[in-house]
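[1] pasting the sequence and the predicted coordinates here, then a few questions.
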Amino acid sequence: MNPRLFYFTAGTQGTWKIRDIRPLIGAGLDWGERLAVTQDPPTEQAAWCLRGIKSNERYVTRTEKEQLLAIQEGLGRPASRYASLIPIRKQATWWQMTQDERRAIFEEQSQHTGNGLRYLPEIARSLHHCRDLEGVEPFDFLTWFEFAPEDEPAFDALLAEMRATPEWDFVEREVDIRLER
């Protein structure tokens, strides 16, 4: 078992009840009643299963990483009864750029980290990379967010800000899956 590998499985089992599945760009995902987030492969028939691996931080400077670590709280807080799983796939043109070119769009133009910092600690986040996993994954990233029900309007504002940036010009598929524990 790889301790960094996670399975996000939609079916009839799991801690999280699926409230909504919204395709925002490109194709959506099939409906499932519940979502299980595990480190073990699914054992039930699933509507879908997405895999992602926690990896090193990318596109952030040391200062930005220290700012994030200073105020970001962990997942699993009792008050965080709402969650959102947002799988994203970027266009081939994104991946053809160098890391410096992607960083310029990600942070210098889109201010991704700075925008996110304004919504901490209320919104907790975890990023899982899919692109380099063995096999063909339908998404490049799985972003997992947890927050209290009263913080959902702030979460929606954060998403609206992010989606209005130059970085989102490179997104070719995005689905917003809303959950409740």
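    Received, thanks.
[2] hey, let's count contacts and neighbours off CA atoms from now on
    Noted.
[3] how far away is residue 123 from residue 137?
    Per CA to CA, to the nearest Å, residue 123 is found 27 Å from residue 137.
[4] those two: which has the busier surroundings?
    In terms of neighbours (other CA atoms under 10 Å), residue 123 is the more surrounded of residue 123 and residue 137; the figures are 24 against 16.
[5] direction included, what does the helix or strand residue 17 falls within pair up with?
    Using DSSP states H and E, residue 17 maps to strand 16-25. Listed by DSSP bridges, the sheet partners of strand 16-25 and their directions read strand 34-38 (antiparallel), strand 171-180 (antiparallel).
[6] using CSV, please lay out these together with distance to residue 118 and mean pLDDT.
    Converted to CSV, those look like this (distance: least, CA to CA, whole Å; pLDDT from 0 to 100):
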stretch, distance to residue 118, mean pLDDT
strand 34-38, 27, 96
strand 171-180, 21, 98
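[7] who wins for proximity to residue 79 among those strands?
    With CA to CA as the criterion, residue 79 lies closest to strand 171-180 of these, at 11.3 Å.
[8] give me the beta-bridge partners of the residue most central in space within the chain?
    Geometric centre of the chain, nearest residue: residue 143, 0.8 Å, by CA atoms, centre = their mean. Taking DSSP bridges as the rule, residue 143 bridges to residue 86, residue 127.
[9] just the one 4 residues further on next, same as before
    Per DSSP bridges, residues listed as beta-bridge partners of residue 147: residue 82.
[10] surely it meets residue 82?
    Yes - using CA atoms under 8 Å, residue 147 makes contact with residue 82 at a distance of 5.4 Å.
[11] quick one: which of these two has more around it?
    Neighbours per residue (other CA under 10 Å) separate residue 147 from residue 82, with residue 147 holding more: 25 against 20.
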